[in-house]
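Asker: sequence and predicted model, in that order:
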Amino acid sequence: MASLFPRRLLGRRNRATQTERVRERKHEGFLRYANFRWAKISGGLCLLVITSYALIDVTPRPNGGSWYGYTLGTIGALLILWLTALGYRKRKMTRDAWSLKAWTSAHVYLGLSLIVIGTWHTGFQLGWNVHTLAWALMMLVILSGLYGVIVYATLPAALSNNRDEMTQMQMLEAIRAFDRQLHAAAQPLSPEDTAPVLASLDEDPFAGGIRARLSGRYPKDATAAALRALSLSHGGNADARQKVIGLLSQKEAALARLRAHLRIRAMLEIWLYVHVPLTFALIAALSAHIISVFFYW
Amino acid sequence: MSDAVKVAIIGSGPAGLSAAARAAQLGLAHVLLEKTDHLSDTIFKYQKGKRVLATPERLDLRSDCRFAEGARETILGNWDQDAANNGVNVAYQAEVVEVSGQKGAFSIKTAKGAVIAAENIVLAIGTQGNPNRLRCDGYDLPHIIYQVDDPEDFKNQHITVVGSGDAGIENALGVAEEALENTVTILNRSKDFARAKAKNVSDMMEAGENGFLSIRTETQPKLVEPGWLTLETPNGDERIECDVIVARLGSVAPRGFVESMGIEFTGPDREAFPKLSPTFESTVPGIFVIGALAGYPLIKHCMNQGYDVVEFINGNSALTPADEKDLAAIFADLPQKKSVSEWLDYLRTRVRIFADVSPLQMREFMLDSKVAFYRRGEVVFEKGEPGSSLFAIADGHAEVEVAPGVTVPIEQGSIFGEVGLISGRKRGATIRAGEDSIFVEVSRTAALKLMAAVPGAKRVINRISLERQLLQIFKGGLTVDDLQEVVDQAEVVRVPAGKVVVTEGEQGDDVYVIRSGSMVVEKDIGGKPIFLRYLPAGSYFGEMGVLSGEPRNATVKAAVGSEVIKLTGESFRKMLAARPQVRAATEAAVAERAAMNAFIESRKASYSSAVDLYSDTASFIMKEGLGEATDALLIDENLCVGCDNCEKACADSHEGLSRLDREAGKTFAHLHVPTSCRHCEHPHCMADCPPNVIHRGPDGEVFMEPGCIGCGNCMRNCPYGVIRMEAAPPPKPGLLSWLLFGKGPGPGEPSPKWTKKKLGDEKPKKIAVKCDMCKGIAGGPACVRACPTGAAIRVSPEEFLSIARLEEDAG
């Protein structure tokens, strides 16, 4: 995919001394890449499909089986296979000049263009069959991808703000440190007060399941419960209790940060668990669609 | 004196042992004095099974003792055998405390009171010095150790660390790691930990609060017994269980002892070495210095010197050093045919900077240098190329292209390339051979050594570099003669990071040229310092004051520790008066800068938040040390989705280890500086690399060539913590077998668990691992190529802090 590389950079490479290599220095995100090059290409492609569809009079009626339908179908199928190859490109660290940003940019915009290419390929004939199943799966893949684009564009700043220069390991380490201090500080407490603190110590910060992870709400949180229980408690060693309450609220804050971190990361990743399996389902349905079309030629 | 030995060798390390073995082979009366009860204490103290490397590979071993890469035990075993087979006369437990007398009749006194008479002395005591011992009974028991090589050697033991400096605290924290299940106590004689860094103290206090180690202040050891330690505490004596004592009480450097014999050093700095003749003889006749103490930390060098020095003492003046063939190879391609020593003399008489260099030093420098013949018109290097080596003209002359089509000759005997050497910046001009010429290229390390060891060379290089820098700044139209007065009055000033050189509003007409480091220019706008400009080494400032006579219109301060050359306003004005066209050019440059300043001020009104952000971001970047970077990885956290594909790409492009930690590091306004190499102008990691394997490559990258001995100096010297000590994991199955069949750990650095399972009991050697900017990979840095969203960028500070950027962003 040398064409994915801006000509400007390639030109520089040729002019430069032999030792200098390609350097991508421009600071721009994947959506704005090369001044929206792939948005323009993809938009042009859609426009071309829509106008040519309107201008070309396919008889007896627009259909996936006409020469025009086959053309769109072939483009669409090849595009789907190429878009799937992003998963391989991303992980294959070859030594030549390629930019995953350029690939992502093309993936996003060309993927969106499939809405037009795929739908216009059908000639708007949808029904309850394997052909429409392939189309529906494709639309679901695109929708999940669209969600991905939106979260990629909006969530990273929130992730950065929330972590505040801490790494995930440091967040976990902070919670462990509070646990150790709580363990020591809770020794003088009465048995009734100790029980909720122990529950908080036993709690796994990762527990709560996918719903809690995505919503960021942990109604059964033992640390919050311990905090409530201890603030209501009387008698016993009040000083020790105050110290434990202080530590519990610090732990609560640390937990909140970790949970927000996990929540944002989950939202950045969850769609891939839909997007990727559906892609494989789509490829299976697409194969069935193509085989059946040729079988009934 | 009839019972005097011909040679007494002090220290039985590789150098001393090799010297003693040669003396024994030659049948000389000799004695090898060793302060402990075994040979080669430094290597003896290495941890069990440690692999000892035999670098540099190209150097042949010339010794009566064997040495090749191998485990510590094998090497020590061989040496014990070799000492016995050669008939070496060793005196153990003979710590030398005093040396008196002169050549032919030295008298050596040991700690036990014995006196040895010797005609010559070979000093091979290394640089470790003697660690201070505990001052209580039982101080000589074997379970007292003075260093911790690998905390993982200690598991489930009672360990007491004595000493509360950084070394002690770091060791204590190391062995107190939770998984090792040690019971760790750290003792401090006084109440507070005043000698240690604040960070170490707070880490230790936290570990103490968490119950990982117990901290005992106002406590010291009173009696050491196997398995037990009696402590003297404020509340009386206490006996605690103790399997290992780590004593970190500092050490006495050997320099004082060496100087007490009357031996002179090359200078007062810590890095100085004893002054030596070509036969390793010190300034005291009859005392020879070899090995690490003489400045040669590698074992092979040491052993060869041991052999050579005894041959010299025995009167063998025809001996050529073991490096003779390497030197011959360096001169082999030249058109004229001369012997090595003829070549060395030729260079010393013809090149100014080599004039004061001794023959021994000359050999050393030439080993790190290249000599090449250039045809007339051949390009030596091009403008903008990275490079930090120094060239000297042995024959012919060079042409510098100061402006397109304008060249200035550099005569035979002079040097070029010194700007790259001093500032660490890219080459400032293209250089060609003016006729068929011979140029010597001295590597940066060798050139710096030369400047440190030979004051005359340093003066010449500094003067030429200043002249050239000025010539370059004022682009032609000037000659060296015009600069005479300016250069005579110039003064080099060291500026620590953050120090103000020029203050806005003050009167002053001195002009400054940045020799090394970098500066930031700030202007007070509305009571707030606004970042105007970043000045890299090689630029100048303060010229507006000279031309206009008005007060300074901006503040200039050092971004990193820097050196500036201060030129007096008066001499500068005289120079401009003599050359009107230079004045015009300078005025044009000043007008351009003034326009830039005006631009910022105008933006301030309409885009105040953009300017503030730009200014604050610039300050943040400077604070993170990027002022000394040449190429750093930054991550825009508005785009980063945390996929860590950059780290995976890094690991998979190299041998399976990532050289960057994306998540770690500081962030400002969503601009994140991850833990990754910045390829500093003057790399801290290069400062002390015993095998000298860290270099700057053709693209400006600071990389390590094979040959790392795993000492960890670079890792400790790096202020940014970007160097890891790690062993390469075993190779993993290909990507497709992972994608399709789930084989192997997948892309990126394999988990330690997988590596451990794969390796079994094998424990490969850990060596330093750092970013090499994907040297030799055609596509360029993999971290940037593999970023799916464009969050990862690599920048140099000039690019990133150019005002053009503000225009781009705001406009």
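Answerer: That came through fine.

Asker: okay, domains of the chain per the record?
Answerer: Since you didn't name a chain, this refers to chain A. Split into domains by automatic domain parsing, chain A comes to A:30-152+A:272-295, A:168-269.

Asker: not quite, go with chain B.
Answerer: If you go by automatic domain parsing, chain B breaks into B:5-129+B:253-313, B:144-251, B:324-465, B:486-606, B:621-810.

Asker: gap between the third one and the chain center?
Answerer: Per C-alpha atoms, centre = their mean, to the nearest Å, the displacement of domain B:324-465 from the mean C-alpha position of its chain is 22 Å.

Asker: tell me the phi and psi of the residue nearest the centre of chain B?
Answerer: Among the residues of chain B, the one closest to the centroid is B:Ala687, at 0.8 Å (C-alpha atoms, centre = their mean). Main-chain dihedrals, B:Ala687, degrees, to the nearest 10: phi -60, psi -40.

Asker: could you do B:Ile793 as well?
Answerer: Backbone phi and psi, for B:Ile793 under degrees, to the nearest 10, turn out to be phi -130, psi 150.

Asker: among the domains of chain A, which comes closest to B:Glu281?
Answerer: Counting by C-beta to C-beta, B:Glu281 lies closest to domain A:30-152+A:272-295 out of the domains of chain A; the figure is 53.0 Å. Just so you know, the C-beta spots here come from the backbone N, C-alpha and C atoms, and that holds for glycine as well.

Asker: what sits against residue 125?
Answerer: Since you didn't name a chain, this refers to chain A. A:Asn63, A:Gly64 (C-beta atoms under 8 Å, 6 or more residues apart in numbering or on different chains).

Asker: not what I meant, chain B
Answerer: Applying C-beta under 8 Å, 6+ apart, the residues near B:Ile125 are B:Ile10, B:Gly11, B:Gly13, B:Gly16, B:Pro254, B:Phe257, B:Val258, B:Gly291, B:Leu293.

Asker: what number of residues lie near the third one?
Answerer: Read that as B:Gly13. As a burial measure, B:Gly13 scores 27 neighbours (other C-beta atoms under 10 Å in any protein chain shown).

Asker: surely it touches B:His38?
Answerer: No - counting by C-beta atoms under 8 Å, B:Gly13 does not reach B:His38; the two are 11.4 Å apart.

Asker: got a markdown table for the domains of chain A, with mean pLDDT and distance to B:Met451 too?
Answerer: Compiled in a markdown table, the domains of chain A are given as follows (pLDDT from 0 to 100; distance: least, C-beta to C-beta, whole Å):
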| stretch | mean pLDDT | distance to B:Met451 |
| --- | --- | --- |
| domain A:30-152+A:272-295 | 94 | 39 |
| domain A:168-269 | 89 | 43 |
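
Asker: re earlier: show the pLDDT at the residue nearest to the centre of chain B.
Answerer: We have a pLDDT of 77 for B:Ala687.

Asker: now do the longest helix belonging to chain A: which elements does it pack against?
Answerer: What stands out as the longest helix in chain A, according to DSSP state H, is helix A:130-163. Helices and strands touching helix A:130-163, by 3 or more C-beta pairs under 8 Å, 6 or more residues apart in numbering or on different chains; DSSP states H and E, are helix A:100-122, helix A:238-269, helix A:272-295.

Asker: report whether the second one contacts chain B.
Answerer: What that stands for is helix A:238-269. Yes - if you take C-beta under 8 Å from any C-beta of the partner chain as the test, helix A:238-269 does meet chain B, through A:Arg265, A:Leu268.

Asker: the shortest one too?
Answerer: Yes - counting by C-beta under 8 Å from any C-beta, chain B has neighbours in helix A:100-122: A:Leu100, A:Lys101, A:Trp103, A:Thr104.

Asker: from B:Lys191, how far out is B:Arg785?
Answerer: 56 Å (C-beta to C-beta, to the nearest Å).

Asker: ugh, wrong one, I meant B:Asp60
Answerer: Look at B:Asp60 and B:Lys191: by C-beta to C-beta, they are 57 Å apart.

Asker: who's more crowded, those two?
Answerer: Neighbours per residue (other C-beta under 10 Å) separate B:Asp60 from B:Lys191, with B:Asp60 holding more: 13 against 9.

Asker: find the nearest non-adjacent residue to the more buried one, please.
Answerer: Spatial nearest neighbour of B:Asp60, excluding adjacent residues (C-beta to C-beta, 6 or more residues apart in numbering or on different chains): B:Ala322 at 5.4 Å.

Asker: ok, now which ones touch the closest residue to chain B within chain A?
Answerer: Nearest residue of chain A to chain B, counting by C-beta to the nearest C-beta: A:Ser160, 3.4 Å away. When the contact criterion is C-beta under 8 Å, 6+ apart, the partners of A:Ser160 are B:Glu637, B:Asn638, B:Cys640, B:Thr667, B:His670, B:His672.

Asker: of the contacts of B:Ile125, buried ones?
Answerer: B:Ile10, B:Gly11, B:Gly13, B:Gly16, B:Pro254, B:Phe257, B:Val258, B:Gly291, B:Leu293 (16 or more other C-beta atoms under 10 Å in any protein chain shown).

Asker: possible to save those residues as CSV with pLDDT, distance to chain A and secondary structure?
Answerer: Formatted as CSV, these follow (pLDDT from 0 to 100; distance: C-beta to the nearest C-beta, whole Å; DSSP: H, G, I helix; E, B strand; the rest coil):
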residue, pLDDT, distance to chain A, secondary structure
B:Ile10, 94, 49, strand
B:Gly11, 93, 45, coil
B:Gly13, 92, 42, coil
B:Gly16, 95, 45, helix
B:Pro254, 83, 42, coil
B:Phe257, 88, 46, helix
B:Val258, 90, 45, helix
B:Gly291, 88, 39, helix
B:Leu293, 85, 40, helix
